[in-house]
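Novice: structure for the following, please:
(one chain, ligands or ions: 2)
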Amino acid sequence: MMMSNTPAPLRLFSSVGALLAASLILGGCGDAPAGKAPTVEEAERFIAETEDMLMELATREARAYWVQANFITDDTEAIAAQASQERMDANIKLAGDVKRFDGMELPPELARKFQLLKLSLFSLGDPKEREEIATLSTGLEGDYGKGRACFDEGPRKGECLEIGEVERIFAYGRDPEELRAAWKAWHDGVGAPMRERYTRFIQLQNKGARELGFKDMGAMWRSNYDMAPEEFSAEVERLWEQVRPFYESLHAYIRTRLVKQYGDRAVTDEGLIRADLLGNIWAQEWSYAYPLAAPPGAGRGYDLTAILRQKKVDELGMVRFGENFFKSLGFDPLPQSFWDRSLFVKPRDREVVCHASAWDMDSKGDLRLKMCIQVDAEDFVTIHHELGHNFYQRAYHGQPFLFQEGANDGFHEAIGDTIALSITPDYLKRVGLLPGGVQSDDTGRLLRQAMDKIAFLPFGLMIDQWRWKVMDGSYPAGRYNSGWWELREKYQGVAPPVARTEKDFDPGAKYHVPANVPYTRYFLAHILQFQFYRALAREAGCTGPLHDCSFYDDKAAGAKLRAMLELGRSKPWPDALEAMTGERRMDGSAVMEYFAPLKEWLDAQNAAAGAKPGWTLPKDPLAPSLR
Ligand code: X8Z
Ligand code: ZN
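Specialist: Ligands and ions are numbered 1, 2, ... in the order given. Next up is the predicted model:
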């Protein structure tokens, strides 16, 4: 995750004693005589001073959050909560001050700054409630970081595991009893205890959003895309409809293969896939289940995990591969402070938030990665993802503070993934990770890739479909879990491996819910990264099938990418998209083009097996008919 303007740790609620400074500065220069409209110059000065103050606040807040995420204790949680409270205190003042400039005719750039500023001013009028939400927010994220799966059944009964170990069980485990036990242990241990606090957290978020004039917090989130919130919802729906048929073909094929492996218990009567059998505890990316789904005769292809281990590439070495890719495009190396201050390896002696994130500490060059790296193919890609955030952050440092963001948050999430799409067999040969003679089977490679990228789409979509409904009241507290499963079933076609109730709180078992990071950004990123990749591949002169293109070492592609990154959020995102791709809309056609040969193959497999894509919905979403 990158630190962003919304409820991600950094700039959600922000900090500081600069609050005092701010009141002085703004009070001093600001108050025009009553009745006299402020001038454009005053508006300019107000924004310039606000940007200075916000940058200082953000830096202090970043340090508090960095320490908390790297050393979870009651004290660091309290310090982080304090920082976010101070930011909310400042926001209250700013929200009052900006009103003076409402309705003014301003030059476009200045008007955009006011608009972005208003979107970032989340707070609560009541100081007690500010304290309460800050404590809830850091507490929920901290609890997720400290979370354990304690088994009450199966071969591991009595053991308590942390998330990395749990994820390894899903990646490599093939015993359905053990998988179910692990799934249940994580959801019961981490999700359920958050339920009451999350309910209150939502109430307070809505209250703050309404104080700013938004319908609810979901509407505030959806207002971040240079279009009306309703228009944005429709865009997301349009994109999903573009790719849904592909997902359903993949789902049907994988379902058949899982039944081969596990028998009838892999599916419900409705045709839903049991969610613990897909290689990932959230069933969000499925490539670890690839060995169960590989095309007959394709073998296992090359195994990047095995190669990395065999070549003794360590955690730092993995990050160097990522940095090297960006350097090959013409970007400067990462600063020494990045290597000195990042966290790459899970410490043994303290609790940390292991979920990977990329940090821009001071808007100047103190960039960091925080990640409990495992030497495997998945983390090789995640490192590129995270470095995409860091290189984006550095590229827009030339912009004024309010424009130091991605064109939209989906762009920020897409950059590193775009780079990682260039990790083709040919690329791996060029950097010496794959021996020259190795042939890789195209269908197998595409299938493995689709099991991550296509499988992710409905997951990327449903998390915020759920949160938007929670925030607008369509799913009140008594429906949190049934609403969650309604959407998991509708979009992903997966079922809980054991019946659930409203005592459970399964959304809490996914990092971004307790950490309050909006999730539609990842859905968008999974569309955008293929659009970006197609544009850069063309720029690099690749004419072959899209999935074989790598723009590694291509300076023209690098220049094109960098030009877009440097824009930050200074322009509406369609302008940034156009600068790089010539297109002004987000568009699923690039994903479809990339995977076209696989779609044909999947449809043929499904037809031959008599597997009809699709599923029906159970009467009770919490209890689909497991066999
Ligand atoms: O959270 C992340 C990144 C950090 S922004 C590791 N991702 C989502 C997730 O893990 O759920 C990347 C893909 C989706
Ligand atoms: Zn990210």
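Novice: what sits against Pro38?
Specialist: Counting by CB atoms under 8 Å, 6 or more residues apart in numbering, Pro38 touches Ala32, Phe46, Arg100, Phe101, Met104. C-betas here are computed from N, CA, C, even on glycine.
Novice: okay if I get those as CSV plus secondary structure?
Specialist: Shown next, in CSV, are these (DSSP: H, G, I helix; E, B strand; the rest coil):
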residue, secondary structure
Ala32, coil
Phe46, helix
Arg100, helix
Phe101, helix
Met104, coil
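Novice: taking the stretch 201-350 of the chain, what residue is nearest to ligand 1?
Specialist: Proximity of the stretch 201-350 of the chain to ligand 1 (CB to the nearest ligand atom) peaks at Gln284, 6.0 Å away.
Novice: nearest residue to that residue other than its sequence neighbours?
Specialist: Excluding the flanking residues, the one nearest Gln284 by CB to CB, 6 or more residues apart in numbering is Phe459, at 4.2 Å.
Novice: ok, now Ala64?
Specialist: Ala83 (3.7 Å).
Novice: do the same with Val470
Specialist: Counting by CB to CB, 6+ apart, the residue nearest Val470 is Ile202, at 5.9 Å.
Novice: what's the answer for Ala182, then?
Specialist: Ile169 (4.8 Å).
Novice: now the closest residue to ligand 1 within the stretch 451-600 of the chain: which helix or strand?
Specialist: Here the stretch 451-600 of the chain gets closest to ligand 1 at one residue, Tyr522, 4.3 Å apart by CB to the nearest ligand atom. Using DSSP states H and E, Tyr522 maps to helix 520-539.
Novice: the closest residue to Gly614 other than its chain neighbours: neighbour count?
Specialist: If the residues on either side of it in the chain are set aside, Gly614 comes closest to Glu248, at 5.8 Å by CB to CB, 6+ apart. As a burial measure, Glu248 scores 18 neighbours (other CB atoms under 10 Å).
Novice: buried set for the host helix or strand of Glu248?
Specialist: Following DSSP H and E, one finds Glu248 within helix 229-262. Across helix 229-262, burial judged by 16 or more other CB atoms under 10 Å covers 229, 232-233, 235-236, 239-240, 242-243, 246-259, 262.
Novice: show me the shaky parts of this protein.
Specialist: 1-35, 299-300 (pLDDT under 70).
Novice: before we move on, back to that, tally of neighbours for the residue nearest to Val470?
Specialist: Counted with other CB under 10 Å, Ile202 comes out at 23.
Novice: so it sits against Trp468, correct?
Specialist: No. Ile202 is beyond contact range of Trp468, at 11.4 Å (criterion: CB atoms under 8 Å).
Novice: tell me how far stretch 517-537 lies from the chain's centre.
Specialist: Relative to its chain's centre, stretch 517-537 lies at 11 Å (CA atoms, centre = their mean, to the nearest Å).
Novice: ugh, typo on my part, it should be stretch 194-206
Specialist: 21 Å.
Novice: flag every residue of the stretch 251-400 of the chain that's near ligand 1.
Specialist: Contact residues, the stretch 251-400 of the chain versus ligand 1 (CB under 6 Å from any ligand atom): Gln284, Ala356, Ser357, Thr382, His385.
Novice: by neighbour count, which of the contacts of Pro38 wins?
Specialist: Phe46 leads the contacts of Pro38 on contacts (other CB under 10 Å) with 24 neighbours.
Novice: from Lys36, how far off is that one?
Specialist: Phe46 is 15 Å from Lys36, where distance means CB to CB, to the nearest Å.
Novice: which SSE is immediately downstream of the helix holding Glu248?
Specialist: Helices and strands here follow DSSP H and E; after helix 229-262, the next one along the chain is strand 273-274.
Novice: okay, buried residues for stretch 166-181 please.
Specialist: Per 16+ other CB under 10 Å, stretch 166-181 contains these buried residues: Val166, Glu167, Ile169, Phe170, Ala171, Gly173, Pro176, Glu178, Leu179, Arg180, Ala181.
Novice: what's the answer for stretch 320-336, then?
Specialist: Quick answer for stretch 320-336 (16+ other CB under 10 Å): Arg320, Phe321, Gly322, Glu323, Phe325, Phe326, Ser328, Leu329, Phe331, Leu334.
Novice: quick one, what contacts the fourth one?
Specialist: Applying CB under 8 Å, 6+ apart to Glu323 gives the contacts Pro333, Leu334, Leu387.
Novice: and it, its phi and psi?
Specialist: Dihedral pair for Glu323: phi -60, psi -40, per degrees, to the nearest 10.
Novice: close to ligand 1: what parts of the stretch 401-550 of the chain are there?
Specialist: Residues of the stretch 401-550 of the chain lying near ligand 1 (CB under 6 Å from any ligand atom): Tyr522.
Novice: ok and the residue in the stretch 401-550 of the chain nearest ligand 2?
Specialist: Residue nearest to ligand 2 within the stretch 401-550 of the chain: Glu413 (4.7 Å; CB to the ion).
Novice: which element is that residue on?
Specialist: helix 409-420.
Novice: which strands or helices does that helix pack on?
Specialist: Other elements packing on helix 409-420 under the criterion 3 or more CB pairs under 8 Å, 6 or more residues apart in numbering; DSSP states H and E are helix 315-328, helix 377-395, helix 520-539, helix 555-567.
Novice: make JSON lines from those and add distance to ligand 2 to it.
Specialist: Output for these, formatted as JSON lines (distance: least, CB to the ion, whole Å):
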{"stretch": "helix 315-328", "distance to ligand 2": "13"}
{"stretch": "helix 377-395", "distance to ligand 2": "6"}
{"stretch": "helix 520-539", "distance to ligand 2": "8"}
{"stretch": "helix 555-567", "distance to ligand 2": "15"}
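Novice: many thanks, we can stop here.
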